[in-house]
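Asker: can you look at this prediction? I've put the sequence above it.
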Amino acid sequence: MGDQKHMARMLLECSLSDKLCIVSQHQYEIIIIPALLVGTFLIILGVIVWLFIRGKRTQQQSPGLQGSAPVPSTSLNGQVGAQGGSMLVPLKETSVESLLKTSTQALAELQVPREQLSEVLEQICNGSCGAIYRTKMHTGDPAKSKIIVLKALKEPAAFHEVQDFLGRIQFHQYLGKHQNLVQLDGCCTEREPLYMVLEDVAQGDLLGFLWTCRRDIMTMNGLLYDITEKQVYHIGKQVLSALEFLQDKHLFHGDVAARNILIQCDLTAKLCGLGLAYEVHTQGAISSARTIPLKWLAPERLLLRPAGIQGDIWSFGILLYEMVTLGAPPYPEVPPVSILQHLQRGKVMKRPSSCSHTMYSLMKSCWRWKEDSRPSLKELCSRLNTAARTADDEVVLQVPELVVPELYANVAGISVENLSHSYSIL
Ligand SMILES: Nc1ncnc2c1ncn2[C@@H]1O[C@H](COP(=O)(O)OP(=O)(O)OP(=O)(O)O)[C@@H](O)[C@H]1O
């Protein structure tokens, strides 16, 4: 007790002998110093809270990609998992105008000024989002104007359709360039109508090309309408290269068919119809609204089991069949709705007369019931390379009957509107 008194007096700087100890001059410091300390602490706390809130707001307000959540996607095995490449899904936007505003900032480097697009649009066909046109893009220098393809979003479009269309553009951007994929050249998204600007693959789709090869003409618009077995392998290898590119990004195509391959004069092949790959990438599944012609699908897809790259291998076998028959519909004797039953009986297509034994054995390896027994893309590629070395490059594939698109559509189980507009029977 005495010690405490002594200490207190020492602190108050009074002598022990003093009768009276006046501490008035120190009361000031005793109150001020703790008050300053508490004040400083509160200010620092306030600054930390402010910085935290500001950080959160910036995250929410940043346009496009940053404001979006990467959605899990189906992997090569059909498993759902995290995936590289965030997608444009600005969740907080509620009106089309604000959505376009934020996404246009995110897609700034792709924007093409509308004045550069010619007003004369030649419709090629109806795509899944709207009309697909061919037109000219001017770049100021007349020598540099070029033909491009415009995929338009139909009007009026609902909010989710606008969001989906913008997501498709972003998906193209995420994929990047590959010589065997249709290239994205830009977009117009600051207001409606929304356009995706694509490189023009002038000769159109492979199916129309194959049908034209049946006709008695040699060349048209600089393209030789003759195809040999060696060229079938040449096109096939390019499709496999595009599929490998997708596989490297943990994607698959899901709708490999001659109608989804575009062809150039020099027989460069470009895979298009990436809508399904986009859906799987963003939603983790194929939407129930999308119908894929059954005759191209692997059994696991027909049985609604998870899809993957091995399903593309099956469809690649059908693509070889399409090429070697110059665009015949698969399983001509089987109604599209009976295809699963047909396959469950262990039946596959017979060797077409125009098909070599080597090519038929390649096809059959793609049509093995079990996904794991089918060759991998790498194996298939190397087998195609070997087969191409000895393949015939002289004999032109020939089929005497011309194709009537309406009949074809019926047998193939495709809507006739989805078929190429470039082919005519005349
Ligand atoms: N870049 C292009 N050059 C020439 N023709 C094209 C081009 N893109 C598309 N087409 C034509 O449009 C058709 C449909 O193309 P695509 O399958 O890419 O459109 P889509 O209906 O939007 O498909 P998806 O929804 O699968 O992306 C093609 O078969 C082809 O005839």
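Answerer: Nice, thanks for sending it over. Residues are numbered from 1 along each chain as shown.

Asker: so what secondary structure elements neighbour the helix or strand harbouring residue 277?
Answerer: Element membership for residue 277, per DSSP states H and E: helix 275-283. In terms of contacts (3 or more Cβ pairs under 8 Å, 6 or more residues apart in numbering; DSSP states H and E), helix 275-283 is packed against strand 73-74, helix 159-175. All C-beta spots, glycine's among them, are computed from the backbone N, C-alpha and C.

Asker: next, the buried residues of it.
Answerer: Neighbour-count burial for helix 275-283, with 16 or more other Cβ atoms under 10 Å as criterion, is recorded at 275, 276, 277, 278, 279, 280, 281, 282, 283.

Asker: what of stretch 225-241?
Answerer: Within stretch 225-241, the residues scored as buried using 16+ other Cβ under 10 Å are 225, 227, 229-241.

Asker: with stretch 371-385 instead?
Answerer: For stretch 371-385, a neighbour-count test (16+ other Cβ under 10 Å) marks 371, 374, 375, 377, 380, 381, 383, 384 as buried.

Asker: now whichever residue of the stretch 201-350 of the chain sits closest to the ligand. Nearest residue, chain neighbours left out?
Answerer: Relative to the ligand, the nearest point of the stretch 201-350 of the chain is residue 275 (2.4 Å; Cβ to the nearest ligand atom). Excluding its sequence neighbours, the residue lying closest to residue 275 (Cβ to Cβ, 6 or more residues apart in numbering) is residue 128, at 5.3 Å.

Asker: quick check: residues of the stretch 201-350 of the chain near the ligand?
Answerer: 201, 204, 205, 259, 260, 262, 272, 273, 274, 275, 276 (Cβ under 6 Å from any ligand atom).

Asker: tell me the two of those residues that are most distant?
Answerer: Within those, two members stand farthest from each other by Cβ to Cβ: 204 and 276, at 20.5 Å.

Asker: so for residue 292, what's the nearest residue that isn't a sequence neighbour?
Answerer: Excluding the flanking residues, the one nearest residue 292 by Cβ to Cβ, 6+ apart is residue 255, at 5.3 Å.

Asker: is it true that that neighbour touches residue 273?
Answerer: Yes - using Cβ atoms under 8 Å, residue 255 is in contact with residue 273, at 5.3 Å.

Asker: and the strands in this protein, which stretches?
Answerer: 73-74, 80-81, 122-126, 131-137, 146-152, 184-188, 195-199, 219-220, 223-224, 261-263, 269-271 (DSSP state E).

Asker: do the fourth one and the ligand meet?
Answerer: It refers to strand 131-137. Yes - Strand 131-137 lies within reach of the ligand by Cβ under 6 Å from any ligand atom, at residue 132.

Asker: got a list of contacts for that strand?
Answerer: With Cβ atoms under 8 Å, 6 or more residues apart in numbering as the test, strand 131-137 has contacts from 112, 116-118, 120-126, 145-152, 154, 185, 197, 200.

Asker: these also near the ligand: which ones?
Answerer: By Cβ under 6 Å from any ligand atom, the members of those lying near the ligand are 124, 125, 149, 151, 200.

Asker: settle this for me: residue 278 is touching residue 167, isn't it.
Answerer: Yes - contact criterion Cβ under 8 Å: residue 278 and residue 167 qualify, at 7.0 Å.

Asker: circling back to that earlier point, mind listing the shared neighbours of residue 255 and residue 273?
Answerer: With contacts defined as Cβ under 8 Å, 6+ apart, no residue is shared by residue 255 and residue 273.

Asker: hmm, back to that, minimum distance to residue 246: which of the helices and strands packed on helix 275-283 has it?
Answerer: Between those, helix 159-175 lies closest to residue 246; by Cβ to Cβ that is 7.9 Å.

Asker: quick one, that closest one and strand 184-188 angle?
Answerer: Angle, helix 159-175 to strand 184-188, by axes from the mean of the first three to the mean of the last three Cα atoms, to 10 degrees: 150 degrees.
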